[in-house]
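1. Pasted the sequence and its predicted model underneath.
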Amino acid sequence: NHLKTYGDEGLRTLVCAKLVLDPREYGPWNARFTEARKLIGDQRAVRMAELAEEIERDLEFVGASAIEDKLQTGVPECVERLRLAALKV
């Protein structure tokens, strides 16, 4: 319920969870993860996401926090100037 409230208020959220892994499960996964980290370009991002999906399951919720993430002074004006200069923002 708190996470929905945080989102509705536009807050940046951090959710913490944990999972105890058996070394027999972690070892092979970590070997694949280590190899994925060596990849270059889009292939790396895709493989890392696949491995994250594989390991991030059945997590035990620990807690969550939320902060207001205001733009620094002058950022909106700077973004507008970049757009006026035809830069993709």
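-> Looks like it came in fine. On a predicted model such as this, the values are computed, not experimentally measured, just so you know.
2. Centroid-nearest residue for the protein?
-> Central residue of the chain (CA atoms, centre = their mean): residue 14, 9.4 Å from the mean position.
3. confidence score at that one?
-> At residue 14, the model reports a pLDDT of 91.
4. pretty sure it belongs to a strand, no?
-> Yes: assessed with DSSP: H, G, I helix; E, B strand; the rest coil, residue 14 lies in a strand.
5. Could you tell me how many residues sit around the residue nearest to it when sequence neighbours are not counted?
-> Nearest residue to residue 14 in three dimensions, chain neighbours excluded: residue 65, at 5.1 Å (CB to CB, 6 or more residues apart in numbering). In short, each C-beta sits where N, CA and C put it, glycine included. Neighbour count of residue 65, defined by other CB atoms under 10 Å: 12.
6. Could you tell me which residues make contact with residue 55?
-> Applying CB atoms under 8 Å, 6 or more residues apart in numbering to residue 55 gives the contacts 19, 21, 29.
7. and stretch 81-89, how far apart are its ends?
-> End-to-end distance of stretch 81-89 (CA to CA, to the nearest Å): 10 Å.
8. what about residue 9, neighbour count?
-> 10.
9. Local confidence estimate at residue 9?
-> 85.
10. can you pull the contacts of it?
-> By CB under 8 Å, 6+ apart, the neighbours of residue 9 are residue 66.
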